[in-house]
Structures are given as structure tokens and as C-alpha cells.
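> Just a sequence and a predicted model for now, questions to come.
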Amino acid sequence: QVQLVESGGGLVQAGGSLRLSCAASGSIVSINAMGWFRQAPGKERELVARMTSGGNTNYADSLKGRFTISRDNAKNTQYLEMDSLKAEDTAVYYCKAEGYMRRFLDIIPFTSWGQGTQVTVSS
């Protein structure tokens, strides 16, 4: 099992900033990619940003320049710096990780999601 724990969400005024963290733990062999997704009420879950272990990143086009993803590979932790927040950024933000884990004597692929953290931006 690989567990992801997010933190850093909360209430912020429009124009403000927040930093989300996501720590992965468990029988991890390697993490190939970590990413952030979000889901607003009544909407589908959407990609915010994603980063591979090699440092390649991709962002939702609408968020480029305001959101920055980073990662500490040694700590199996990723971060999302969110600046110039807008009311439409209000959503539950989820962390996702993909890689390989150890299960008994085998190494198998995994995909895990965090429980989500609420970000509310007041206008």
C-alpha cells in the first residue's frame, strides 16, 4: 500500500497564495510521477499539474504562470505553490502518485490518490 497525505489547504482571499504539500509513504520502490488534480462542486476532476521523476512538468493551460509544482524526490513529497488565487480556483485538491511498490517478494505498479484538501478562495 502507498498512502498519500495532503496538507496546506484552507481559506484565502482572492489574490492570495497557498502552498499544498503531499507526502507519500509505504512500500515504495520508486515514484515515476506525481501530480495534482482538483474538483469543484458539480464539475469533473481536472488536472492541475504533473511532474515526472525526471523533472518534466505539464500544467493545465489556464493555470500556467500562477501555479508551480515542485517535488522532493528524497522525501517522496510534492508541493503546489498557488499564487494570485481566484474564486474559480475553489475546489478540493487531490494528490496522485504513480510508480512501483513492493508487495511481498514482488514489485508491482501502483497508482494512489490522497484524500483531498479543500481550497476556498473568497472574492
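Yep, that arrived.
> need the contact list for residue 6.
20, 21, 22, 93, 94, 95, 114, 115, 116, 117 (C-beta atoms under 8 Å, 6 or more residues apart in numbering). In short, each C-beta sits where N, CA and C put it, glycine included.
> outside of the helix or strand hosting the fifth one, which residues touch it?
Secondary structure assigned from DSSP states H and E places residue 94 in strand 91-103. The contact list for strand 91-103, computed with C-beta under 8 Å, 6+ apart, reads 1-2, 4, 6, 9, 20, 22, 24, 26-40, 43, 45, 48, 78, 80, 107-114, 116-119.
> just to revisit the earlier point, could you turn the buried ones of the contacts of residue 6 into a ChimeraX selection?
Here is the ChimeraX command that selects only those of the contacts of residue 6 that count as buried (16 or more other C-beta atoms under 10 Å):
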select :20,21,22,93,94,95,114,116,117
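> Columns distance to residue 63 and pLDDT on top of the contacts of residue 6, output as JSON lines?
Output for the contacts of residue 6, formatted as JSON lines (distance: C-beta to C-beta, whole Å; pLDDT from 0 to 100):
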{"residue": "20", "distance to residue 63": "13", "pLDDT": "98"}
{"residue": "21", "distance to residue 63": "18", "pLDDT": "98"}
{"residue": "22", "distance to residue 63": "17", "pLDDT": "98"}
{"residue": "93", "distance to residue 63": "12", "pLDDT": "98"}
{"residue": "94", "distance to residue 63": "15", "pLDDT": "98"}
{"residue": "95", "distance to residue 63": "16", "pLDDT": "98"}
{"residue": "114", "distance to residue 63": "19", "pLDDT": "97"}
{"residue": "115", "distance to residue 63": "22", "pLDDT": "96"}
{"residue": "116", "distance to residue 63": "18", "pLDDT": "97"}
{"residue": "117", "distance to residue 63": "17", "pLDDT": "97"}
